[in-house]
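Q: model this:
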Amino acid sequence: MKRNIVIATIAAAALIGGGTATALAVSGDEEAPAKKSNVQVSNDDTGRDDDANVNDTDDNDADDKADAAEDKAAKDTGEDAEDKAENAADAKVAQVDAADAIKAALKNTKGTAVSADLDDEGTKHVWDVDILTNGGAWHSVQVDPANGKVVGSHVDRDDDGDDAAETAQIRAALKGSSVTAAEAAEAGAAKGTVTSVDLDEESTDKAWEVDTTAANGTGSDWRVNPDSGKVTADRSND
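A: Got it, this is the predicted structure:
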């Protein structure tokens, strides 16, 4: 969900860790405590053999080939050398990854993170995190990617008059979901440096959309299941 009232927002990378994560309540008192999720977000690439060599004995080659196919399907097409160089430079700026930026924003503003983007605001980069408060207000929180400190925050105005409908659609998409935006970022980080996390509440198969950048600047698009945390290639551009 790219909100048309907000300037492009977040992302950065985080190595995924196992364990139970924290999910924030979507409704109720804005100061309500967070609840624990039962979801174990895991990296299905653990022990991955990237060369898929059939002579290897330390891994499952069928799984390796499937992983390689997913990686290929997720890659952005049409990127030239200049685009890749810019992508790589942007990703290097983010010393604080997407997941930690989201957590920092939520400490500043209670609610549910719905998107986060690594935004180039002229001379500097910021993580821009969209938060839906339990009271129904939208906040945009800016986090410094160098140190994780909140450097700005404001309430978004409903300039086009569609916030109520959009909010209802997002709440419906998040209802029963076990994977938070931060957890989706952690899951996507197994694929590269996360530069954007966004809720796709419009598709029939609801998911977190995660953009990653490889060391060489190649971008890839992923979908993270909001219930299981499984990462698959976003094939919408196929």
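Q: okay, now residue 88: neighbour count?
A: Counted with other Cβ atoms under 10 Å, the neighbours of residue 88 add up to 17. (Glycine included, C-beta is placed from N, CA and C.)
Q: wasn't it part of a strand?
A: No: judged by DSSP: H, G, I helix; E, B strand; the rest coil, residue 88 forms no part of a strand; its state is helix.
Q: what is the helix or strand where residue 197 lies packed up against?
A: Using DSSP states H and E, residue 197 maps to strand 193-200. Contact here means 3 or more Cβ pairs under 8 Å, 6 or more residues apart in numbering; DSSP states H and E; on that basis strand 193-200 packs against helix 81-93, helix 98-108, strand 112-121, helix 163-174, helix 181-188, strand 207-213.
Q: most packed of those?
A: helix 181-188 (a mean of 30; mean count of other Cβ atoms under 10 Å).
Q: the most centrally placed residue in the chain pairs with what?
A: By Cα atoms, centre = their mean, the chain has its centre lying nearest to residue 197, at 2.4 Å. Beta-bridge pairing for residue 197 (DSSP bridges): residue 116, residue 210.
Q: shouldn't it be in contact with residue 184?
A: Yes: if you go by Cβ atoms under 8 Å, residue 197 and residue 184 touch, sitting 5.5 Å apart.
Q: shared neighbours of the two, anything?
A: Common contacts of residue 197 and residue 184, defined by Cβ atoms under 8 Å, 6 or more residues apart in numbering, comprise 208, 210.
Q: what strand or helix carries residue 126?
A: Using DSSP H and E, residue 126 maps to strand 124-132.
Q: measure how the next helix or strand after that strand sits relative to helix 163-174, angle-wise.
A: On the C-terminal side of strand 124-132, the closest following helix or strand by DSSP H and E is strand 138-143. Relative orientation of strand 138-143 versus helix 163-174 (axes from the mean of the first three to the mean of the last three Cα atoms, to 10 degrees): 70 degrees.
Q: what's strand 138-143 packed up against?
A: helix 98-108, strand 124-132, strand 150-155.
Q: export these as CSV, with columns for distance to residue 224 and mean pLDDT.
A: Listed next are the helices and strands packed on strand 138-143 as CSV, based on distance: least, Cβ to Cβ, whole Å; pLDDT from 0 to 100:
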stretch, distance to residue 224, mean pLDDT
helix 98-108, 12, 98
strand 124-132, 17, 95
strand 150-155, 25, 94
